[in-house]
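> sharing a model prediction with you, sequence too.
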Protein chains: 2
Amino acid sequence: MLLILYIRRSIADFLKADQRKNERGAMKLPDDLQSEQAFTALLAALRMGKLRSSEFHTMPALAEALGFPVAATREAIKRAEAQSLVEVLPKRGFVIMSTGPETTRACMDMRAALEAEGVRRLLSAGRPALSHLRATHEALLDEARTHPGADLSRRALATDLSLHDFMAGGLDNIFLRQAYEANRNRITVIQNARAFLPDRVIPAMEEHLAIIDAIDSASAEASVIEIERHLRQTLRWWGISAVG
Amino acid sequence: MLLILYIRRSIADFLKADQRKNERGAMKLPDDLQSEQAFTALLAALRMGKLRSSEFHTMPALAEALGFPVAATREAIKRAEAQSLVEVLPKRGFVIMSTGPETTRACMDMRAALEAEGVRRLLSAGRPALSHLRATHEALLDEARTHPGADLSRRALATDLSLHDFMAGGLDNIFLRQAYEANRNRITVIQNARAFLPDRVIPAMEEHLAIIDAIDSASAEASVIEIERHLRQTLRWWGISAVG
DNA sequence: ACCTATCATGTAACATTTTACAAAGGATAG
DNA sequence: CTATCCTTTGTAAAATGTTACATGATAGGT
């Protein structure tokens, strides 16, 4: 009798706790842990170029720079290492990922492969809306040809990203998307090392428009061909051979 | 916020150290760190079913089971979380990944997508040798049809894996291979939850032989079709609809 | 009026997370 | 080659939060 009462009570407590958990889960912010914050801070530092490729750093220095204790910084480093963003040198420190030819080729190749898959899925699901993407690309191309503004490169990078993210948006699979996201972080580091030079804007936008046309023609094969052409041109611009 | 990073060593010093590191890098990562050992132990426990899907565990308990201190175990858990092998519940413990329909579908779908890409690359590189794979598959199929042995399921799983690994072997990209490997670990957990029943052996081997035939015909399109058919049949066998 | 089930509050045990410190390994300078 | 300093790595303990349980109060029914 008493036992039954205890069990009922326990279940009620659990349900109450679970409900509270769900309420907070809906708030989409379950992470106030320091290691999480340190990791996002590390990502931000990587993204805005505060930490650049092939730099050597020590853990206390990074902790000071990020404003987190060393233990949290350590966890963040370990997590970044799992995504190949940094490489820890045992008993010495760590280096930001290199952006040598092999790494750059691998990152860009992976991006192209996943985006090709994204486009295949996009097209098998229906006819995607491309008018907005095409418009922004044509506007940027026109500006680059006639009256290039001051921060053209920055906006070109944003426009570039919009198409790539659109194609990756076809990846209706949480794990494929995770893999794409991790690769996207690596590419951020690469793009901080290899600037988007103004001379590259026009050909890049032309290649992008070719991709958009191919997607608009609803041909997955044609789209993949244009994606791969864009990959080859990007690597050629950086002086990297297309094959390992 | 001003972010100041101190680079303690000169570039020349770093390069010297890096060169030495590369020399040692040929020695294939001599990792005697406890956290590495704990992670591989965790992976082994997952692989041999000592830890099963959706189980709740606490860190001290796992540390005791694995024979490592809690700190190293914690690092291993964190790393496993980054690969979606476990989910940590803050301040409570962690659960092994669920093998519900969505997760199972995502893992299998990702495997099929990456293997399809692997086959495309394999075929664009040349004519792969398939005689050994075909022989082992036909032998197993023949045994399953005529005189099934005791540990047929176990050997079927191994043969199954041999083809999947062969296709993934075409992934000549370190990051794509990394993503495949992480997904492979997740599938291990799934396969411990969803047994490879004897009745599945014959149809699975037939589907595999169809894939082998398609690859042998040097047609990437035909191969992809067979890979996707195998995916659909596997999901159907587990009672999971093919679309989310 | 008494008994009982439900709810609320507080407390103790337990696990994670953080902080602090000792140990071990490697690099630098003389 | 050796001594010293600096860094990572490992260990322990404090702190923070969560869960389960116990006690007491309240409302409703007999």
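Structure's in. What do you need? Numbers count the residues shown, from 1 in each chain, chains lettered A, B, ... in the order given.

> look up phi and psi at A:Arg127.
Per-residue torsions, A:Arg127: phi -100, psi 110 (degrees, to the nearest 10).

> I'd say it and A:Ala218 touch.
Yes. Contact criterion CB atoms under 8 Å: A:Arg127 and A:Ala218 qualify, at 6.5 Å. (C-beta placed from N, C-alpha, C; glycine too.)

> compare neighbour counts for the two and give me the winner.
Remark: of A:Arg127 and A:Ala218, A:Ala218 carries more neighbours, 14 against 10, as counted by other CB atoms under 10 Å in any protein chain shown.

> show me the contacts for the closest residue to the more buried one other than its chain neighbours.
Leaving aside its chain neighbours, A:Ala218 sits nearest to A:Leu123 (5.7 Å; criterion: CB to CB, 6 or more residues apart in numbering or on different chains). Applying CB atoms under 8 Å, 6 or more residues apart in numbering or on different chains, we find A:Leu123 in contact with A:215, A:218-220, A:223.

> for DNA strand D, state which of those is nearest.
Ranked by distance to DNA strand D (CB to the nearest atom of the strand), those are led by A:Ser223 at 44.2 Å.

> residue contacts, that closest one?
Here A:Ser223 is in contact with A:116, A:119-120, A:123, A:211, A:214-215 (criterion: CB under 8 Å, 6+ apart).

> try 6 Å this time
A:119, A:214-215 (CB atoms under 6 Å, 6 or more residues apart in numbering or on different chains).

> just the pLDDT at it, thanks.
With respect to pLDDT, A:Ser223 has a value of 98.

> same thing with A:Ala242?
pLDDT, read off for A:Ala242, is 87.

> tell me the confidence at the residue nearest to A:Ala218?
98.

> likewise A:Asp213?
98.

> what's the burial count for it?
A:Asp213: 15 neighbours (other CB under 10 Å).

> so it: helix, strand or coil?
For A:Asp213, the assignment made with DSSP: H, G, I helix; E, B strand; the rest coil gives helix.

> which residue packs closest to it, ignoring adjacent ones?
A:Glu226 (7.8 Å).

> name the element the one you found belongs to?
helix A:220-237 (DSSP states H and E).

> strands of chain A, start to end?
In chain A, strands defined by DSSP state E lie at A:56-57, A:86-89, A:93-96, listed in chain order.

> between those strands, which one is nearest to chain B?
Chain B lies closest to strand A:56-57 among the strands of chain A, at 4.6 Å (CB to the nearest CB).

> state the mean pLDDT of the closest one.
On average, strand A:56-57 scores 97.

> what helices or strands is that strand leaning on?
strand A:93-96 (3 or more CB pairs under 6 Å, 6 or more residues apart in numbering or on different chains; DSSP states H and E).

> check the offset of the helix holding A:Glu226 from the chain's centre.
19 Å (CA atoms, centre = their mean, to the nearest Å).

> then stretch A:103-120?
Distance, centroid of stretch A:103-120 to centroid of chain: 12 Å (CA atoms, centre = their mean).

> just stretch A:112-126 next, same as before
That offset, for stretch A:112-126, works out to 17 Å (CA atoms, centre = their mean).

> what comes up buried for it?
For stretch A:112-126, burial by neighbour count (16 or more other CB atoms under 10 Å in any protein chain shown) applies to A:112-123.

> repeat that for stretch A:33-46.
For stretch A:33-46, using 16+ other CB under 10 Å, the buried residues are A:35-39, A:41-43, A:45-46.

> do the same with stretch A:132-145
Buried residues in stretch A:132-145 (16+ other CB under 10 Å): A:133-134, A:136-137, A:140-141, A:143-144.

> what's the domain layout of chain A?
A:34-96, A:101-237 (automatic domain parsing).

> so how far is the longest one off the chain centroid?
Right, the one you point to is domain A:101-237. The answer for domain A:101-237 is 12 Å, by CA atoms, centre = their mean.

> just the first one next, same as before
Chain-centre distance of domain A:34-96: 17 Å, with CA atoms, centre = their mean.

> how far away is the most centrally placed residue in chain A from chain B?
In chain A, the residue lying closest to the centroid (CA atoms, centre = their mean) is A:Arg184, at 2.4 Å. Look at A:Arg184 and chain B: by CB to the nearest CB, to the nearest Å, they are 11 Å apart.

> pull out the buried positions in stretch A:155-164.
A:155-157, A:159-160, A:163-164.

> ditto for stretch A:226-242
In stretch A:226-242, counting by 16+ other CB under 10 Å, buried: A:226-227, A:230-235, A:238, A:240.

> send the alpha carbons of that stretch over as CSV?
Extracted as CSV, the C-alpha positions of stretch A:226-242 are listed here (Å, rounded to 0.1, in the frame of the first residue of the first chain):
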residue,chain,number,x,y,z
GLU,A,226,28.0,23.1,-63.2
ILE,A,227,28.7,22.6,-59.5
GLU,A,228,31.8,20.6,-60.3
ARG,A,229,32.9,23.3,-62.8
HIS,A,230,32.5,25.9,-60.1
LEU,A,231,34.6,23.8,-57.8
ARG,A,232,37.4,23.4,-60.4
GLN,A,233,37.4,27.1,-61.1
THR,A,234,37.6,28.0,-57.5
LEU,A,235,40.5,25.7,-56.9
ARG,A,236,42.2,26.9,-60.1
TRP,A,237,41.9,30.5,-58.9
TRP,A,238,43.7,29.5,-55.7
GLY,A,239,46.4,27.7,-57.7
ILE,A,240,45.3,24.3,-56.5
SER,A,241,45.2,21.4,-58.9
ALA,A,242,41.8,19.7,-59.0
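
> ok now that stretch, how far from the chain's centre?
Taking mean C-alpha positions (CA atoms, centre = their mean), stretch A:226-242 and its chain are 19 Å apart.

> is it correct that A:Val224 is in contact with A:Gly118?
No. Using CB atoms under 6 Å, A:Val224 is not in contact with A:Gly118; the gap is 10.8 Å.

> just want the residue of chain A that's nearest DNA strand D.
Counting by CB to the nearest atom of the strand, chain A gets nearest DNA strand D through A:Met59, at 3.0 Å.

> residue contacts, the one residue in chain A that gets nearest to chain B?
Chain B sits closest to A:Ala179 of chain A, with a gap of 4.1 Å, by CB to the nearest CB. Neighbouring residues of A:Ala179 by CB under 6 Å, 6+ apart: B:Ala179.

> hmm, 7 Å instead?
A:114, B:179 (CB atoms under 7 Å, 6 or more residues apart in numbering or on different chains).

> any low-confidence regions in chain A?
A:1-31 (pLDDT under 70).

> where does it come near chain B, residue by residue?
Within chain A, the residues that sit near chain B (CB under 7 Å from any CB of the partner chain) are A:33, A:45, A:50, A:55-58, A:61, A:65, A:75, A:78-79, A:82, A:84, A:89-90, A:106-107, A:109-110, A:113, A:117, A:172-176, A:179, A:183, A:244.
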